[in-house]
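# Okay, here's the prediction I keep looking at, along with the sequence it came from:
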Amino acid sequence: MQFWDVSMDKPIIQTVDLVKRYQVGEVVTKAVNGVSIEVYKGEFVAIDGKSGSGKSTLLHLLSLLDRPTSGQVLVNGDDTAHYSRPRRVDIRLNRFGYVFQDYALIPELTALENVMLPYFMDTGCLHDCLHIGEGLLERVGLKNRLHNRPAQLSGGEQQRVSIARALVNKPEVFFADEPTANLDSDTSETIISIIEELHQQGITVLMVTHEPQFAQRAERIITMSDGRVV
Amino acid sequence: MTLRSLRVGFFLALRYLKRSSLWTSLLVMVIMLLTFLNVVVVRGVLVGLPVGATATYAREYAGDILITALPDQRHIDRSVLVANTLSSLSGFKAYTGRYLTAATVHANFQELPKTGHLADTVTVTAVGVVPEDEDTVTNISGLMAEGRFLTDTDLKGVVMGDQLLEQYAGGGPESGGTPETSGTLENVHPGTKVRITINGITGEYTVVGVLDGKVGENARRIFMHEQQLRSILNRSEDKKDEIAVRLKDGVDNVAWRDAFKNLGMVNYATIQVPGEAQGHFLDEVTQTFSLLGDGVGFVGVVVAAITVFIMIFVIALNRQKEIGILKGIGINRLAIQSSYVFLALFYATVGICLGILLLYFVIAPYIAVHPIDFPFSDGVLVAPLFDTLIRSLVLIVTTLFAGYLPARMIVQKNTINAILGR
Ligand SMILES: Nc1ncnc2c1ncn2[C@@H]1O[C@H](COP(=O)(O)OP(=O)(O)OP(=O)(O)O)[C@@H](O)[C@H]1O
Ligand SMILES: [Mg+2]
């Protein structure tokens, strides 16, 4: 019976024998080489491993930013291989939030506008709904930086704007690729506690990190090496 | 969804504009402005040449209505009746009657015995006019290159068309001709005495002025007092060859012509507006020039398309990473592409609006006051507003596609590669 219950609880994201191969000249790199993992709703999973072990590549595949060479990525048990491009874009907009390693903010937009852009895309509401972005930025401690452009923000501040942007459409899954890289330990701590808070609210969190003390904060650690889970 | 995407695209375009450098924006707008001028004004000037030629023809020669002999007659039949009837129609302002005949002008008769040259002569059309009447209709006294026009007492004076004179038309020794074969007279100026032979009768006249007209009809004519000419020819006032009529300002000359014809005058003379009198030749020139102008305009549109394409391509290429990020966070392609199309449209629209302002408030008024000085016409600018708007629309549609294509090309790039810049 217990087995039955578990199978009822489908993983929100699952991969089957996932492979991503790059070829540069004669050299073929298997950045992700046969990865099969399951992530359940509400889980907080850390992905760690050495540099070049394929963590980022895996996260790109899981978040539908990239397509695998072979294998499957299932979202709520549904194989995404046949998903059309607009459908993948829509999933990224509405159900996933992604924090890039280098923040990836739009330089022409203010912090507030950066945060609001996915919401604007989703609902068509911008000026009337700015309070939503303000609330999020307040939550990540940037109440006084609403109208700064990325160039007018520190790295940690940009990272927090990036987190707020990933949250604006209330994602089911929150991806973060080394959210604490390049940040001092205090700022890193702030960011990790924000992420923990998300987890407590029931959002599924997948976080790439190579810092053991942060990986420890997750419920589960997936360790990668040479494109494989070890 | 589509509308929302366009709104996001518009929003992004506004931000790009707000943050882009003023000089880059200005440069792009100036390029669009020049393109617009290229597409609209160049054609306008080309078409303006023949149109200007007709205007010049009417102003300097034909008047608003030109009356000539019927095809099978030598002179205007019942000239006096025709002329007197003119004033019976409202809108009439003035007329000048002309008597034409062939003549030979002999210039160097005084030096001939000394130099031993052959006679320096040209054959011309001699025109007899009432000086005052002619001046009222064609303002001929304002067209003098040298000297003055005839007065009522100038029975022995003559005005020469400039194409008869070597200093205006060439054909002298420097260009390889001899005085005898050149078709022009040498050394003839106001004050020079010439011998004119008409109808076998030779008389000595003094050149009082040289006419610098743009109309071919006048350029090889000589003007004399009609009394003098008629007495040589023994021609009555009822045998005029041309009557040029000036109407009051704003009178429609086509309607006036028809009304005049309907008075029975069509039985005595050929009654034409300047466009008809000038013949189909100029129509064809106009057509050719407008075709040429359209060609130039087409090239202009192509150049505009390429310019916009390159511009948007460069702008979008510089933002590859950003485009990748936008796609990564779930902004759809339409929104991203449209942001670049809006950007291109903005530049094009501002450029075109500046162009229209420049055209109608600077260039057109300027050319109207200072016509482009071409040998055969005072070139005007033909750019009717409706035409201009159509052309602007073509430019805008071109911009739309030329902006869309490069944006599309760049948006197509793999998302993650764009974000990571690989
Ligand atoms: N576009 C590419 N072409 C060729 N090889 C690539 C490409 N992208 C990644 N790789 C290779 O794939 C492997 C995995 O890269 P990935 O970025 O996933 O590593 P990572 O675990 O995120 O490393 P890091 O901790 O340094 O970020 C690396 O060996 C990398 O060189
Ligand atoms: Mg990485």
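Sure thing, it's come through. Treat the numbers as computed from the prediction; the structure is a model and nothing was measured. Numbers count the residues shown, from 1 in each chain, chains lettered A, B, ... in the order given. Ligands and ions are numbered 1, 2, ... in the order given.

# measure residue B:142 to residue A:32 for me?
89 Å (CB to CB, to the nearest Å). In short, each C-beta sits where N, CA and C put it, glycine included.

# what about these two, which has more around it?
Between residue B:142 and residue A:32, counting by other CB atoms under 10 Å in any protein chain shown, residue A:32 is the more crowded of the two (31 against 10).

# so what's the more buried one scoring on pLDDT?
Model confidence at residue A:32, given as pLDDT, is 95.

# Who are the contact partners of it?
A:18-20, A:54, A:57-58, A:61, A:68, A:227 (CB atoms under 8 Å, 6 or more residues apart in numbering or on different chains).

# How about residue A:222?
A:37, A:45-48, A:229.

# May I see those organised as TSV, with distance to residue B:224 added?
Formatted as TSV, the contacts of residue A:222 follow (distance: CB to CB, whole Å):
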residue	distance to residue B:224
A:37	110
A:45	110
A:46	111
A:47	107
A:48	111
A:229	112
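
# Show me what counts as buried in the helix or strand hosting residue A:163.
Assigned by DSSP states H and E, residue A:163 belongs to helix A:155-167. Residues of helix A:155-167 classed as buried: A:156-167 (neighbour count, 16 or more other CB atoms under 10 Å in any protein chain shown).

# Pick the one among those residues closest to ligand 1.
Using CB to the nearest ligand atom, residue A:159 comes nearest to ligand 1 of the buried residues of helix A:155-167, at 15.6 Å.

# you'd agree that closest one is up against residue A:103?
Yes: contact criterion CB atoms under 8 Å: residue A:159 and residue A:103 qualify, at 5.6 Å.

# And stretch B:267-274, end to end?
20 Å (CA to CA, to the nearest Å).

# can you pull the pLDDT of residue B:171?
So, for residue B:171, pLDDT stands at 65.

# can you count the residues close to residue B:280?
There are 10 residues near residue B:280, going by other CB under 10 Å.

# how about the strands in the chain?
Picking chain A for this. A:13-24, A:27-35, A:38-39, A:44-49, A:70-75, A:78-79, A:96-99, A:173-177, A:204-208, A:220-225, A:228-229 (DSSP state E).

# hmm, I had chain B in mind actually
According to DSSP E, the strands that chain B contains are B:65-69, B:92-106, B:121-129, B:144-147, B:157-161, B:193-198, B:201-211, B:221-225, B:242-247, B:269-272, B:372-374, B:377-379.

# Now stretch B:25-43: average pLDDT?
86.

# My error: substitute stretch A:174-184 in the last question.
Here the average pLDDT along stretch A:174-184 is 88.

# With stretch B:373-388 instead?
79.

# next one: stretch A:9-21
The model assigns stretch A:9-21 a mean pLDDT of 92.

# swap in stretch B:79-94?
91.

# Show residues contacting it.
B:67, B:76, B:95, B:97, B:133, B:136-137, B:237-240, B:243, B:245-248, B:251, B:256, B:259-260, B:263, B:265, B:268-269.

# What of stretch B:37-54?
B:214, B:274-275, B:278, B:282, B:285-286, B:289-290, B:292-294, B:296-297, B:300-301, B:303-304, B:355, B:358-359, B:363, B:367, B:371-372, B:374, B:376-383, B:387-388, B:391-392, B:394-395.

# Same check on stretch A:148-162?
A:99-100, A:103-111, A:114-115, A:137, A:140-142, A:145, A:179-180, A:182-184, A:187, A:190-191, A:194, B:19.

# Give the rounded mean pLDDT of it.
On average, stretch A:148-162 scores 93.

# end-to-end on that stretch?
Using CA to CA, one end of stretch A:148-162 lies 13 Å from the other.

# for chain B, what are the low-confidence residue spans?
B:112-117, B:171-182, B:376 (pLDDT under 70).

# And the residue of it that's closest to ligand 1?
Here chain B gets closest to ligand 1 at one residue, residue B:422, 5.2 Å apart by CB to the nearest ligand atom.

# Could you list the single helix or strand in chain A with the lowest mean pLDDT?
Scoring the helices and strands of chain A by mean pLDDT, DSSP states H and E places helix A:2-8 at the bottom, with a mean of 42.

# List the contacts of the closest residue to residue A:176 other than its chain neighbours.
Spatial nearest neighbour of residue A:176, chain neighbours left out: residue A:99 (4.2 Å); criterion: CB to CB, 6 or more residues apart in numbering or on different chains. Shown in contact with residue A:99 (CB under 8 Å, 6+ apart): A:159, A:162-163, A:166, A:174-177, A:179.

# May I see the buried residues of stretch B:397-412?
Result for stretch B:397-412 [16+ other CB under 10 Å]: buried residues B:398-400, B:402-407, B:410-411.

# Name the residues linked to the residue nearest the centre of chain A by a beta bridge.
For chain A, the residue nearest the mean C-alpha position is residue A:175 (1.3 Å; CA atoms, centre = their mean). Assessed by DSSP bridges, residue A:175 has beta-bridge partners residue A:98, residue A:206.

# what does chain A put close to chain B?
Chain A comes close to chain B at residues A:60, A:65-66, A:85-86, A:89-94, A:96, A:98, A:100, A:104-109, A:113, A:117-118, A:120-124, A:126, A:149, A:165-166, A:169, as judged by CB under 8 Å from any CB of the partner chain.

# Show me how to select, in PyMOL, the buried members of those.
PyMOL command restricting these to the buried ones, with burial defined by 16+ other CB under 10 Å:
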select buried, chain A and resi 60+65+66+89+90+91+92+93+94+96+98+100+104+105+106+108+109+113+117+118+120+121+122+126+149+165+166+169
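
# Ligand 1 next: which of the residues of chain A next to chain B are close?
When CB under 6 Å from any ligand atom is applied, no member of those is adjacent to ligand 1.

# Keep only those of the residues of chain A next to chain B that are in helices.
Among these, the members falling in helices (DSSP state H) are A:60, A:85-86, A:89-94, A:113, A:117-118, A:120-123, A:165-166.

# okay, now the domains of chain B?
B:2-57+B:282-420, B:65-272 (automatic domain parsing).

# Can you lay out these as JSON lines showing distance to ligand 1?
JSON lines is the format used below for those (distance: least, CB to the nearest ligand atom, whole Å):
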{"stretch": "domain B:2-57+B:282-420", "distance to ligand 1": "7"}
{"stretch": "domain B:65-272", "distance to ligand 1": "72"}
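
# got JSON lines for the ones you listed, with distance to residue A:217 too?
Below are the domains of chain B laid out as JSON lines (distance: least, CB to CB, whole Å):
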{"stretch": "domain B:2-57+B:282-420", "distance to residue A:217": "25"}
{"stretch": "domain B:65-272", "distance to residue A:217": "90"}
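
# what about residue A:202, distance to residue A:50?
32 Å.

# So if I had to pick from those two, which one is more boxed in?
A direct count of neighbours by other CB under 10 Å for residue A:202 and residue A:50 places residue A:50 higher, at 12 against 9.

# In contact with the closest residue to the more buried one other than its chain neighbours, which residues are there?
Once flanking residues are discounted, residue A:50 sits nearest to residue A:225: 6.6 Å by CB to CB, 6+ apart. Contacts for residue A:225 (CB under 8 Å, 6+ apart) come out as A:49-50, A:53.

# Could you dump those into a markdown table and include pLDDT and distance to residue B:23?
Converted to a markdown table, these look like this (pLDDT from 0 to 100; distance: CB to CB, whole Å):
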| residue | pLDDT | distance to residue B:23 |
| --- | --- | --- |
| A:49 | 92 | 48 |
| A:50 | 91 | 48 |
| A:53 | 93 | 47 |
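
# Among the residues you listed, which one lies nearest to ligand 1?
Nearest member of those to ligand 1, counting by CB to the nearest ligand atom, is residue A:53, at 4.4 Å.

# Show the contacting residues for that closest one.
With contact set as CB under 8 Å, 6+ apart, residue A:53 has these partners: A:224-227.

# Buried ones only from those, please, as a PyMOL command.
Per 16+ other CB under 10 Å, the buried members of these correspond to this PyMOL selection:
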select buried, chain A and resi 224+227
